[in-house]
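**Q** Sequence and predicted model, in that order:
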Amino acid sequence: MKYIAIILTTLLLSANAAAAIEITDRQARSMDDVHSLGVIYINHNFATVNEAERALNQETDAQGAKYYRTMLTHEPCSNGNIHASAAIFR
């Protein structure tokens, strides 16, 4: 049982290590080994900006990117949806 707990902990830590990292515009411009993969857009009905940022991070991971830079997160006045987009990099 002890070994199972150690293995599960190791797997969880390694999964978190592969998560995409949010970077600033300045960091993106100054990193020589970063290559743009494009832009992702998420238009869902999120309750908070944090939920939108988590969704951006998950989509960045799904696209195989190492880094992302949030470009736009806002709440339109009429319907309360939070729209987010991010440039993704490898």
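**A** Looks like it arrived, so ask away.

**Q** Pull up the gap between residue 26 and residue 57, please.
**A** Separation of residue 26 from residue 57 (C-beta to C-beta, to the nearest Å) stands at 20 Å. (C-beta placed from N, C-alpha, C; glycine too.)

**Q** Looking at these two, which has the bigger crowd around it?
**A** residue 57 (17 against 9; other C-beta atoms under 10 Å).

**Q** three-state assignment of the more buried one?
**A** Under DSSP: H, G, I helix; E, B strand; the rest coil, residue 57 falls in the helix class.

**Q** Buried ones in the strand or helix carrying residue 71, by neighbour count?
**A** Assigned by DSSP states H and E, residue 71 belongs to strand 67-74. Applying a neighbour-count criterion of 16 or more other C-beta atoms under 10 Å, one finds 67-70, 73 buried in strand 67-74.

**Q** ok, how many other residues are close to residue 61?
**A** Residues near residue 61, counting by other C-beta under 10 Å, number 16.

**Q** can I assume it is in contact with residue 21?
**A** No - using C-beta atoms under 8 Å, residue 61 is not in contact with residue 21; the gap is 10.6 Å.

**Q** So in that sheet, which strands flank the strand holding residue 71, and in what orientation?
**A** Its sheet considered, strand 67-74 pairs with strand 21-22 (parallel), strand 82-89 (antiparallel) by DSSP bridges.

**Q** can you tell me the average pLDDT over it?
**A** Summarised as a single mean, pLDDT over strand 67-74 is 82.
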